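**Student:** predicted model, plus sequence, below.
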Amino acid sequence: MHLEPYFPPAKPSLENLNAICLHGNGRPRFPASSISSSHYGYFHRAGTAVNRVEVWFSECCQKGVTYGCQQIVCCAKQAWETALSLFCFEEYSAMTSAHECCEKQGEERWNCFERQAPNPTFQPLSGYRAPIVPLDMIFTWDPNTC
């Protein structure tokens, strides 16, 4: 499984929300065992970001059903920003050159990641079923920020 077609994940919106919620198990996950040790650094960080955002999107879709689409999008955006913020923090912690979007601040950072997203419509892979990938942290959605 190649990471390039899936990182960075696209920014959630009303336009791609159905695909985010309906096809989550059809998009790749990247367990540590799937990443070559020769590519461990950046690929591990990017794969972890994809894993986080996909699991957190699933949580937003499940929890948000009672709140409606606008709240699900709000939750998913928080999850997306949190996952990519953690990715950038880990990029800078690695003592290598950071991803170019991480060098930007605020809305410029999010716009950069959004422009680079190779799958903005969150389409699944045909015949693929995502494995369960344990995460290293829990995402907590704050509905009061919506």
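**Tutor:** All right, it came through fine. Note that the structure is a prediction, hence the values are computed from the model and not measured.

**Student:** for residue 49, which non-adjacent residue is closest in space?
**Tutor:** Spatially, and ignoring its direct neighbours in sequence, residue 49 is nearest to residue 87 (4.0 Å; C-beta to C-beta, 6 or more residues apart in numbering). Where C-beta positions appear, they are placed from N, C-alpha and C, glycine not excepted.

**Student:** that neighbour is in contact with residue 48, isn't it?
**Tutor:** Yes - taking contacts as C-beta atoms under 8 Å, residue 87 lies within contact range of residue 48: 7.4 Å.

**Student:** assign a three-state SS to residue 42, would you?
**Tutor:** Three-state call for residue 42 (DSSP: H, G, I helix; E, B strand; the rest coil): helix.

**Student:** please pull out the lowest mean pLDDT helix or strand from the chain.
**Tutor:** helix 40-64 (a mean of 89; mean pLDDT, DSSP states H and E).

**Student:** chain center to that one: distance?
**Tutor:** Distance of helix 40-64 from the chain centroid (C-alpha atoms, centre = their mean, to the nearest Å) equals 4 Å.

**Student:** okay, and for the chain, where does confidence drop off?
**Tutor:** Confidence mapping of the chain against pLDDT under 70 gives the ranges 1-5, 34-40, 65-66.

**Student:** quick one, helices of it?
**Tutor:** Using DSSP state H, the helices of the chain run over 17-22, 40-64, 69-93, 106-116.

**Student:** buried residues in the first one?
**Tutor:** Along helix 17-22, the positions that meet the burial threshold by neighbour count (16 or more other C-beta atoms under 10 Å) are 17, 19-21.

**Student:** dump the residues you listed to a markdown table, plus distance to residue 59.
**Tutor:** As requested, the buried residues of helix 17-22 are exported to a markdown table (distance: C-beta to C-beta, whole Å):
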| residue | distance to residue 59 |
| --- | --- |
| 17 | 14 |
| 19 | 17 |
| 20 | 12 |
| 21 | 11 |
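
**Student:** looking at these, which is nearest residue 121?
**Tutor:** Of all those, residue 121 sits closest to residue 19, with 5.7 Å by C-beta to C-beta.
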